[in-house]
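Novice: Pasting a predicted model and its sequence here:
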Number of protein chains: 2
Amino acid sequence: MTAKTKEIQILETGELLFNKYGVRRVTVEEICQTAGVSKMTFYKYFPNKVDLAKCIIQNLTDDAEQRFNKTMRLAIPFTEKVHLIIEQKIEDNERIGEEFYGDLTGSVPELLNFLQGIGRQAYKRMLDIFKEAQEKGDIRKEIPMEFILYSLNSILDKINDPQLAGIFKDRKEMIKIMVENFFFGIAEKHTDA
Amino acid sequence: MTAKTKEIQILETGELLFNKYGVRRVTVEEICQTAGVSKMTFYKYFPNKVDLAKCIIQNLTDDAEQRFNKTMRLAIPFTEKVHLIIEQKIEDNERIGEEFYGDLTGSVPELLNFLQGIGRQAYKRMLDIFKEAQEKGDIRKEIPMEFILYSLNSILDKINDPQLAGIFKDRKEMIKIMVENFFFGIAEKHTDA
DNA sequence: GTATTGTGTACTATATTCGTATATAATTTA
DNA sequence: TAAATTATATACGAATATAGTACACAATAC
C-alpha cells in the first residue's frame, strides 16, 4: 500500500496523535498500533516518546525555516515581506496543535527547554534580518538593536505566560496580535522599497 | 464567583474533558483540578469516572428527549417534523464529541451496554411515534411495522460498525445520511398534512 | 543463501491512577 | 456561639498501565 518507511509512519502517526491529544495522553504502544508498527521497531528508531516529539517538532521547525528563508529572499518591499512572514508564523503555529503545545510547556517540562532552544535559534536569525533591514532603512535607525532584542525576548517569554493566555481567545490570536504589533510598531513608514 | 454547586462543576468539567480527549485519557484527579474540587468531593458525588461519564450521557440524553418531545407535539406536517427531528439528532450527536463517543464503544466497554440501553429506549419511543404516524397516514400502510423495527435496529447496530465508519468522512455525516435515508425512504409522498 | 528488517509475545521495573483514611479548614444552620 | 455540614489537603496502599528489553521467529531484500 503505502511505500512509506516505518520511521516515517511513526513520525506521521506521532504528529497526528500528539496534535490531537498532546504528548502526555498518548502512549508508545498506541502510536505503534496506530502506525501499524511493532514496539521493537519504534525503539529501533526512537529512544523514547519524548524524543519522538522532539524529532517531530524539529522537522516542523526545519520546514518552517525553509519557508521562512524562501520568503526572505523574495524581491518585494519589506512591509510586504513582513506580512507574508506573519502569515507563515501563524500557519506554523497551526501545525502544532493546542494540546501538543500545551504538553510541551506543561506536563513534559523537558520539551520546554528544547522548544526554547529552537526559539533562540529563530531569534538569532530574526536579529540578523532586522539589522540588515535597519541598514537598508526599513526599520527606524534611532531604535537601538538592544531594544528590538529585548522586545523579541519579551514576546518569546510572554507566549508561555498563562496570565496573558487568558486575555486572548486562543494562542494563535495572541501570537497574531503580538507579532503584528511588534512588526508594525517599529516599521518605518514607506510605500515602496 | 460561580454559584454552581460542586456537583455541577464536576459534571460540566467532565463533559468538557471527555468531549475533548475521551474518557480513557482523562483522570479523576485531572477532572478535580480543572473543576477546582478536591478528590474527596468527587467521590462524594460519583462512585468513579465511568459513572460520571454515564451520568453525563444520561443528562444529555434526557435533554435530547425533552427537545424531541417538544418537537413531536408541534402542530406541523409530518415531513416537516421529521426534518426538525433529523436536525436535532445531528445536534445531539455533536454534543458528544468524537473522542468521547470513541471511548464509549472502544476502550471502556462497560459504557457500550449503557449507551445501547439508552438507544433501545429511544427506539421504543420512536416505534410508538411511527405507529401513530402510520395510522394517521404519514407512513405507507403496506410497510410492516416489523420491517421498520428491523431497519431501526439495523441502524443502531451499524452506528458502531467500524467498517461502515470508513465509508463516511465522519460519524455525523454517517448518521445524517442514514437517518435521512431511513425517514425519507419510507415516507408517504404528500405535500401537506 | 544470507543479511536486513520487522513482528509477536512475554517479562520486569517503574510510574500512574484509583479509591480511601485521616486530620483540618471553611461554611451553614440552629 | 455551638453544632452540623461540606469541602480540602495530604498521604497512602492497591490495582493498573506503561516503559523498555529479551528472545524466538517471520518476511523481505539483496
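Specialist: Perfect, I can see it now. Residues are numbered from 1 along each chain as shown, chains lettered A, B, ... in the order given.
Novice: any idea how chain A splits into domains?
Specialist: A:6-45, A:50-186 (automatic domain parsing).
Novice: List, one by one, the residues from chain A near DNA strand D.
Specialist: The interface of chain A toward DNA strand D, taken as C-beta under 7 Å from any atom of the strand, is made up of A:Thr27, A:Val28, A:Glu29, A:Lys39, A:Met40, A:Tyr43, A:Asn48, A:Lys49. The way it works is simple: take the backbone N, C-alpha and C, and place the C-beta from them, glycine included.
Novice: Out of these, name the ones that lie in strands.
Specialist: For these, membership in strands holds for none, with DSSP state E as the criterion.
Novice: and the closest residue to chain B within chain A, how many neighbours does it have?
Specialist: Here chain A gets closest to chain B at one residue, A:Arg25, 4.2 Å apart by C-beta to the nearest C-beta. The number of residues packed around A:Arg25, counting by other C-beta atoms under 10 Å in any protein chain shown, is 21.
Novice: May I have the predicted confidence score for it?
Specialist: In this prediction, A:Arg25 carries a pLDDT score of 95.
Novice: again with A:Ile90
Specialist: Value for A:Ile90, per-residue pLDDT: 70.
Novice: Also the one 4 residues further on?
Specialist: pLDDT recorded at A:Glu94 is 77.
Novice: Quick check: which element contains it?
Specialist: Counting by DSSP states H and E, the element that carries A:Glu94 is helix A:78-95.
Novice: List the buried residues of that helix.
Specialist: Of the residues in helix A:78-95, those buried under the neighbour-count criterion (16 or more other C-beta atoms under 10 Å in any protein chain shown) are A:Phe78, A:Thr79, A:Lys81, A:Val82, A:His83, A:Leu84, A:Ile85, A:Ile86, A:Lys89, A:Asp92, A:Asn93.
Novice: Could you list the contact residues of chain A toward chain B?
Specialist: Counting by C-beta under 8 Å from any C-beta of the partner chain, the positions of chain A adjacent to chain B are A:Tyr21, A:Arg25, A:Glu99.
Novice: closest to DNA strand C among these?
Specialist: Proximity of these to DNA strand C was ranked by C-beta to the nearest atom of the strand; the top entry is A:Arg25 with 7.8 Å.
Novice: For the helix holding A:Glu94, name the packing helices and strands.
Specialist: When contacts are defined as 3 or more C-beta pairs under 8 Å, 6 or more residues apart in numbering or on different chains; DSSP states H and E, helix A:78-95 sits against helix A:49-72, helix A:171-186.
Novice: Save these as CSV, and put in mean pLDDT too.
Specialist: Formatted as CSV, the entries for the helices and strands packed on helix A:78-95 read as follows, by pLDDT from 0 to 100:
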stretch, mean pLDDT
helix A:49-72, 90
helix A:171-186, 70
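Novice: Switch those over to CSV; also include mean neighbour count.
Specialist: Formatted as CSV, the entries for those read as follows, by neighbours: other C-beta atoms under 10 Å in any protein chain shown:
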stretch, mean neighbour count
helix A:49-72, 16
helix A:171-186, 15
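Novice: and of the domains of chain A, who's closest to B:Gly14?
Specialist: The stretch from the domains of chain A with the least distance to B:Gly14 (C-beta to C-beta) is domain A:6-45; that distance is 15.9 Å.
Novice: how about the closest one: buried residues?
Specialist: Neighbour-count burial for domain A:6-45 [16+ other C-beta under 10 Å]: A:7, A:9-11, A:13-26, A:28, A:31-32, A:34-35, A:37, A:41-42, A:45.
Novice: of those, list those near DNA strand C.
Specialist: Within the set of the buried residues of domain A:6-45, contact with DNA strand C (C-beta under 7 Å from any atom of the strand) is found for A:Glu7, A:Val37, A:Thr41.
Novice: Let me know the closest of the residues you listed to DNA strand D.
Specialist: The closest of these to DNA strand D turns out to be A:Thr41 (C-beta to the nearest atom of the strand; 9.7 Å).
Novice: I'd say the closest one and A:Lys6 touch.
Specialist: Yes: counting by C-beta atoms under 8 Å, A:Thr41 does reach A:Lys6; the two are 5.3 Å apart.
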